[in-house]
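[1] Provided below for reference: sequence and predicted model.
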Amino acid sequence: MMLQDAVGHSFTPCRGEARIVSLVPSLTELVVDLGLAHALVGRTGFCIHPREVVREIPKLGGTKDVDLERLRRLAPTHVLVNMDENRREQVEEIARFVPHVIVTDPVRPEDNLELYRLVGGIFGATERAAALASELWRAHEEALAVGERLPQERVLYLIWRKPWMTVSPHTYISAMLKTVGWITVPDRSARRYPEVDFTHHASLRKTQRLLLASEPYRFREKHLAEVAAVPQWRDVPAMLIDGEMVSWYGSRAIAGLRYLAALRRQVAL
């Protein structure tokens, strides 16, 4: 069986003992949920779920600043990376001494189906991968049903303050929100994570709801009053939202889709 990652690299199922390093939090969680925790020998400091498992696994820095010497000493057979979360220069350096670097790039929730097949296929976890795929399919259908039943809302999903920053419509986050009928603004952007600029994006002025994410900036209750003081947002309802449920792909996408469906129903009441 031949498997391909996001950049076209081909892989065959691992026949020997795998030593996996994951440099992406959601992929670390996926590896564990596929029953492969025993093969996980390294992670980033942001790989925090499931906590009781990953706390025993060595940390190698962050997603953007991996300690390459520590990584080399772990002698991994496979390293999991992501096109959006890891720096290309570091990934290219890692590929010089690691036999297999698996590049991922899910941009829609349904892309997780192929991600499960890829990781499960390489590491001999095809049955668990198929089970996760079935769960994801059901959750995706449930979320789509909510999005079709309720009127669409234009939402501004805030990920940072000072400056205020949001997501472009080409991101995984935007695709997750769209599943339940939340359409992100601005409706176009040259940057994946643009600063909020009302003078250049007329679509921002049509915002119907503000969503303040818990990551990467940890918005809290006190920030709801802060956004309410912004003249353009004074009459726009604002709420906190779990950023992990929206931005983490892999196995978290199943719970994420159900979380969004429930939240959308809740605010529609």
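    Alright, I've got the coordinates.

[2] where exactly do the helices run in this structure?
    25-33, 51-54, 68-74, 88-94, 112-122, 126-149, 172-179, 221-228, 243-247, 252-268 (DSSP state H).

[3] Mean neighbour count, those: which tops it?
    Mean neighbour count (mean count of other C-beta atoms under 10 Å) peaks for helix 25-33 among these, with a mean of 26. All C-beta atoms are positioned from the backbone trio N, CA, C, and that covers glycine.

[4] got the angle between it and helix 172-179?
    Here helix 25-33 runs at an angle of 70 degrees relative to helix 172-179 (axes from the mean of the first three to the mean of the last three C-alpha atoms, to 10 degrees).

[5] ok, residue 83 - contacts?
    Counting by C-beta atoms under 8 Å, 6 or more residues apart in numbering, residue 83 makes contact with 6, 7, 103, 104, 105.

[6] 10 Å instead, please
    Residue 83 makes contacts with 5, 6, 7, 91, 103, 104, 105, 106, 107, as judged by C-beta atoms under 10 Å, 6 or more residues apart in numbering.

[7] Closest one of the residues you listed to residue 46?
    residue 104 (15.6 Å; C-beta to C-beta).

[8] If you drop the residues flanking it in sequence, what lies closest to that closest one?
    Of all residues not flanking residue 104 in the chain, residue 82 sits nearest, at 5.0 Å (C-beta to C-beta, 6 or more residues apart in numbering).

[9] Isn't the one you found up against residue 105?
    Yes: using C-beta atoms under 10 Å, residue 82 is in contact with residue 105, at 6.6 Å.

[10] Show me whatever sits in contact with both of these two.
    Joint contacts of residue 82 and residue 105 (C-beta under 10 Å, 6+ apart) are 6, 172, 249.

[11] Look at the first one and report its pLDDT.
    In other words, residue 6. Looking at residue 6, its pLDDT reads 96.

[12] what's the burial count for it?
    Residue 6 has 18 neighbouring residues, counting by other C-beta atoms under 10 Å.

[13] if I pick the nearest residue to it once chain neighbours are set aside, what's in contact with it?
    The shortest distance from residue 6 to any non-neighbouring residue, by C-beta to C-beta, 6+ apart, is to residue 105 (3.8 Å). Residues near residue 105 by C-beta under 10 Å, 6+ apart: 5, 6, 7, 81, 82, 83, 84, 85, 111, 115, 172, 249.

[14] In contact with the fifth one, which residues are there?
    By C-beta under 10 Å, 6+ apart, the residues touching residue 82 are 6, 22-27, 63, 91, 102-106, 172, 249.

[15] if I look at it, how far off is residue 178?
    According to C-beta to C-beta, to the nearest Å, residue 82 and residue 178 sit 20 Å apart.

[16] Then residue 47?
    27 Å.

[17] Quick one, grab the pLDDT at the residue located most distally from the centre of the chain.
    Distance from the centre of the chain peaks at residue 231, with 31.5 Å (C-alpha atoms, centre = their mean). In this model, residue 231 is scored at 87, pLDDT.

[18] Tell me who's in contact with it.
    Shown in contact with residue 231 (C-beta under 10 Å, 6+ apart): residue 198.

[19] Quickly note the distance from it to residue 31.
    Going from residue 231 to residue 31 by C-beta to C-beta gives 46 Å.

[20] any idea how far residue 258 lies from residue 109?
    In this view, residue 258 and residue 109 are 11 Å apart by C-beta to C-beta.

[21] hey, what's in contact with both of these two?
    Between them, residue 258 and residue 109 share the contacting residues 139, 140, 143, judged by C-beta under 10 Å, 6+ apart.

[22] Make JSON lines out of the residues you listed and add pLDDT and distance to residue 219.
    JSON lines is the format used below for these (pLDDT from 0 to 100; distance: C-beta to C-beta, whole Å):
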{"residue": "139", "pLDDT": "98", "distance to residue 219": "25"}
{"residue": "140", "pLDDT": "98", "distance to residue 219": "27"}
{"residue": "143", "pLDDT": "98", "distance to residue 219": "23"}
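
[23] ok, those residues vs residue 216, which is closest?
    Nearest to residue 216 out of the shared contacts of residue 258 and residue 109 is residue 143 (C-beta to C-beta; 23.5 Å).
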